[in-house]
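In: With the sequence up front, the predicted model follows.
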Amino acid sequence: MKHLIILFFILLGLWTPEYAKSVKFIQVTDVHLSQDNAKSLEDFVNDINSKYTDLDFVVFTGDNIDKANEKDLVLFLNTIKKLNFKPYVLPGNHDLYRKEDLTSENYMSIVRKKLGIYHSSKPNYVFKKGDIVFITMNGVKEVIPGPNGYYRQKELDWLDKTLTKYKNNKVVIFQHFPILDTETKNHNLYKKNDYLNILKRHNNVISIISGHYHKNREEFCDNIYNVVTKNFSNNTYYKLIEIDDGFVYTLLIDNSGTTED
């Protein structure tokens, strides 16, 4: 009888359903690193390493450097690789400029070389944490850089195929340029409806997380939670984000002493 009881509890453990682990990460955007303000990023890395033990990753959503040049990019990457958590990087309109030989392909190949083989060398890429799929979108014009994002048809086709591939997963999209319009018209997304039409064909995107506007803004739009985070501003702002059971929880951290939900 004793053996039967033990077997019952073993089987009960096997039958207990597994619940998806929440995903917790930090978003940093618009660092605009240069040789003059590099110490603020070092301070941020030290601050995060001392405060957190349970992050899944840290994501940098574009305008990581102020002016497109390899020297500042390498400085940026050498600094963030000291984080205790894997950093993920995507470019913004300040990061790329073909004239400086920083195309999206060259930029991301340097990112992979400096951060390691876990990181993609492609400007649009995917990574997973638990049951959540994270997609990064580029949208930067690198020939004549400008503040309005432009997702070309091949990027949109890739997004469409990727959302189809992960149709059974909840998806979060990281990109520099928000979907939400702003009063500064030349910062709005070029041909935004082409992008929206892709999203309308799928129901698995729960959030789009971006920067660019240097303001904090969060809104639901077509059942997608749009998160726009305030610029880094020399280690003043970053956002702590947790995704649990499909719900997105955010907290804007203000190192000047306040927090904002």
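Out: That came through, no problem. Residues are numbered from 1 along each chain as shown.

In: In the stretch 51-200 of the chain, what residue spans correspond to strands?
Out: Using DSSP state E, counting those that start in this stretch, the strands found in the stretch 51-200 of the chain span residues 57-61, 87-90, 125-129, 132-137, 170-175.

In: just checking, what packs against the last one?
Out: Packed against strand 170-175, as judged by 3 or more C-beta pairs under 8 Å, 6 or more residues apart in numbering; DSSP states H and E, are the following elements: strand 57-61, strand 87-90, strand 132-137, strand 205-210. For the C-beta atoms, the positions are set from N, CA and C on the backbone; glycine is no exception.

In: want to throw those into a markdown table with distance to Glu42 and mean pLDDT?
Out: Putting the helices and strands packed on strand 170-175 into a markdown table (distance: least, C-beta to C-beta, whole Å; pLDDT from 0 to 100) gives the following:
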| stretch | distance to Glu42 | mean pLDDT |
| --- | --- | --- |
| strand 57-61 | 14 | 98 |
| strand 87-90 | 14 | 98 |
| strand 132-137 | 25 | 98 |
| strand 205-210 | 24 | 98 |
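
In: right, so of these, which gets closest to Ile117?
Out: Nearest to Ile117, of all the helices and strands packed on strand 170-175, is strand 87-90, at 13.5 Å by C-beta to C-beta.

In: Kindly export the closest one (C-alpha atoms) in PDB.
Out: The C-alpha trace of strand 87-90 is given here as PDB (Å, rounded to 0.1, in the frame of the first residue of the first chain):
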ATOM      1  CA  PRO A  87      21.700  42.500 -24.200                       C
ATOM      2  CA  TYR A  88      19.800  42.600 -27.500                       C
ATOM      3  CA  VAL A  89      20.300  45.500 -29.900                       C
ATOM      4  CA  LEU A  90      18.400  47.000 -32.800                       C
END
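
In: what lines up beside that strand in the sheet?
Out: Applying DSSP bridges to the sheet, strand 87-90 is found paired with strand 57-61 (parallel).

In: Quick one: the helices and strands packed on strand 170-175 as TSV, columns for mean neighbour count and distance to Ser50 too.
Out: Formatted as TSV, the helices and strands packed on strand 170-175 follow (neighbours: other C-beta atoms under 10 Å; distance: least, C-beta to C-beta, whole Å):
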stretch	mean neighbour count	distance to Ser50
strand 57-61	24	14
strand 87-90	25	17
strand 132-137	22	26
strand 205-210	23	25
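
In: In a markdown table: these, plus distance to Val228.
Out: Compiled in a markdown table, these are given as follows (distance: least, C-beta to C-beta, whole Å):
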| stretch | distance to Val228 |
| --- | --- |
| strand 57-61 | 10 |
| strand 87-90 | 15 |
| strand 132-137 | 15 |
| strand 205-210 | 6 |
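
In: among the ones you listed, which is nearest Lys71?
Out: strand 87-90 (16.5 Å).
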